[in-house]
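Student: What follows is a protein structure lacking sequence information:
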């Protein structure tokens, strides 16, 4: 299939998906444009179809929407489609305002050529935290750097601003790589700013201390509340095909990746399940190891459902989206696809009727970890009661 035919097929598939979602493409502009924008970011096919459809809505609202999307995206093909759509509108008199030529740059090795604003993100650690850097070069004065530690459940944990030289920041990245085996990948700064702001609001709601100067420091790069961030992984990978193949069974391989080796679910609801596990191990109703194993697996299946539901699911979906991007930028496309497939399923709010081996393995691993800790604690308490001569 030629490149042109492939492109047309993507738009055709995306248009079909839009119709399935209930969008009527011949609806009035004031109704159609907001509906189309709401569908943007779900998949590459849908994105191209949204842009293509906006190019056929001869209205200023459509032109303005395309100009805004052009500022949000970085994918080359998506920008080309926006350019084509704007050209169609310009032929009908809806000309976009002149903008400074600004080519979207692909992610590059850390701290390459200076850009207006840069941002970097680490992998997600075992407890759900990731490090964010937002960097603004200052002519003849080095860099202004915002550092944020963001947790996928608790929000913003730490936030600080500082000035440093580029070589100092590069050294920090090298030390993180050497000591922890974690790289800092390049991400769009608007995305980084958006998730940090979300984290700030979450942390403020729960009374986090040490964030009184958040807005003052953030003013280095932006002011006001940003728009809800669209995860950049959907610009780089085709979400529509992420779940092709036997991803459910294969996803367990993610647990072998160095960055996920120390992942454990530390949420309170996980530890609240421990009494059930202990009862399953000691109950007189359990007659043999096979029955004990089945009880263990049943509790694990319920825990996977809890992990995928409500706020737990929203947080874990973001965690897996971040890891999909991290794996992609560190040249592990297979792992990126598996991570995105898991994220999409978790985003449904339910694991589905079939086992997701990665989620099951992560839950079981977390159970074993906490049970071993509890056992060690009990043994320590018992030994402290022994009267030594």
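Tutor: Yep, that arrived. All values reported here derive from a predicted model rather than from experimental measurement.
Student: from here on, contacts and neighbour counts on C-alpha atoms
Tutor: Noted.
Student: and after the helix or strand harbouring residue 86, which helix or strand comes next?
Tutor: Assigned by DSSP states H and E, residue 86 falls within helix 76-91. Later in the chain than helix 76-91, the nearest helix or strand by DSSP H and E is strand 118-121.
Student: Next secondary structure after that next one?
Tutor: Once the chain leaves strand 118-121, the next helix or strand it forms, by DSSP H and E, is strand 129-137.
Student: Figure out how far that following strand is from the centre of its chain.
Tutor: Put simply, strand 129-137 sits 15 Å off its chain's centre (CA atoms, centre = their mean, to the nearest Å).
Student: ok, now stretch 166-179?
Tutor: Distance of stretch 166-179 from the chain centroid (CA atoms, centre = their mean) equals 24 Å.
Student: going forward, begin numbering at 316 instead of 1
Tutor: Yep, numbering from 316; the last one is stretch 481-494 now.
Student: For residue 556, grab phi and psi.
Tutor: phi -110, psi 0 (degrees, to the nearest 10).
Student: Tell me the confidence at it?
Tutor: With respect to pLDDT, residue 556 scores 89.
Student: ok, it to residue 336 distance?
Tutor: Distance, residue 556 to residue 336, by CA to CA, to the nearest Å: 18 Å.
Student: Break the protein down into its structural domains.
Tutor: The chain breaks down by automatic domain parsing into domains covering 318-406, 433-545, 550-699.
Student: how distant is the first one from the center of its chain?
Tutor: Using CA atoms, centre = their mean, the mean C-alpha position of domain 318-406 is found 23 Å from that of the whole chain.
Student: same thing with the last one?
Tutor: What separates the centre of domain 550-699 from the centre of its chain is 17 Å, taken as CA atoms, centre = their mean.
Student: What are the neighbouring residues in contact with the closest residue to residue 662 other than its chain neighbours?
Tutor: Closest residue to residue 662 apart from its sequence neighbours, by CA to CA, 6 or more residues apart in numbering: residue 632 at 5.8 Å. Residues near residue 632 by CA atoms under 8 Å, 6 or more residues apart in numbering: 657-659, 661-662.
Student: Okay, residue 566 and residue 668: tell me how far apart.
Tutor: Distance, residue 566 to residue 668, using CA to CA: 16 Å.
Student: correction: residue 480
Tutor: The gap separating residue 480 from residue 668 is 53 Å, by CA to CA.
Student: more neighbours, these two?
Tutor: The neighbour count for residue 480 versus residue 668, taken as other CA atoms under 10 Å, is higher for residue 480 (15 against 6).
Student: Report the contact partners of that one.
Tutor: Shown in contact with residue 480 (CA under 8 Å, 6+ apart): 457-458.
Student: which SS state does the nearest residue to residue 459 once chain neighbours are set aside fall under?
Tutor: Distances taken as CA to CA, 6+ apart put residue 478 closest to residue 459, at 4.6 Å, once the chain neighbours are dropped. Recorded secondary structure, residue 478: strand (DSSP: H, G, I helix; E, B strand; the rest coil).
Student: just residue 475 next, same as before
Tutor: strand.
Student: which residue ranges form the helices in the stretch 466-615 of the chain?
Tutor: Ranges of helices in the stretch 466-615 of the chain, per DSSP state H, counting those that start in this stretch, are 481-495, 504-520, 529-533, 548-551, 562-565, 583-586, 589-597, 604-623.
Student: Out of those helices, which is closest to residue 387?
Tutor: Of all these, it is helix 504-520 that lies closest to residue 387, at 8.0 Å by CA to CA.
Student: List the buried residues for stretch 529-538?
Tutor: Buried residues in stretch 529-538, counted by 16 or more other CA atoms under 10 Å: 532-533, 536.
Student: And for stretch 372-391?
Tutor: Buried, per 16+ other CA under 10 Å, within stretch 372-391: 372-374, 376-382, 384-385, 387-390.
Student: circling back to that earlier point, check contacts around the residue nearest to residue 459.
Tutor: Residue 478 is in contact with 457-460, counting by CA under 8 Å, 6+ apart.
Student: go on, residue 616?
Tutor: Residues counted as contacts of residue 616 (CA under 8 Å, 6+ apart) are residue 675.
Student: do the same with residue 689
Tutor: Applying CA under 8 Å, 6+ apart, no residues contact residue 689.
Student: so it, which of the three states?
Tutor: Three-state call for residue 689 (three-state DSSP): helix.
Student: How much space separates it from residue 670?
Tutor: Going from residue 689 to residue 670 by CA to CA gives 28 Å.
Student: Please apply the same query to residue 322.
Tutor: Using CA to CA, residue 322 is found at 35 Å from residue 670.
Student: what does residue 392 give?
Tutor: 36 Å.
Student: Low-confidence stretches in the stretch 316-465 of the chain?
Tutor: Counting by pLDDT under 70, the stretch 316-465 of the chain shows low-confidence ranges at 316-320, 411-430.
Student: so residue 574 touches residue 498, yeah?
Tutor: No: look at residue 574 against residue 498 with CA atoms under 8 Å: they stay out of range, at 9.9 Å.
Student: shared neighbours of the two, anything?
Tutor: Common contacts of residue 574 and residue 498 (CA under 8 Å, 6+ apart): residue 438.
Student: still on that earlier bit, could you look up the SS state of the residue nearest to residue 662?
Tutor: Residue 632 ends up helix, using three-state DSSP.
Student: Just the pLDDT for it.
Tutor: Residue 632 is assigned 96 on the pLDDT scale.
Student: about what we covered before: for the contacts of residue 478, pick the one with the most neighbours.
Tutor: Within these, most neighbours by other CA under 10 Å means residue 460, with 26 neighbours.
Student: how many neighbours does the closest residue to that one other than its chain neighbours have?
Tutor: In this structure, residue 460 finds its nearest non-sequential neighbour in residue 450, 4.6 Å apart by CA to CA, 6+ apart. Residue 450 has 28 neighbours, counted by other CA under 10 Å.
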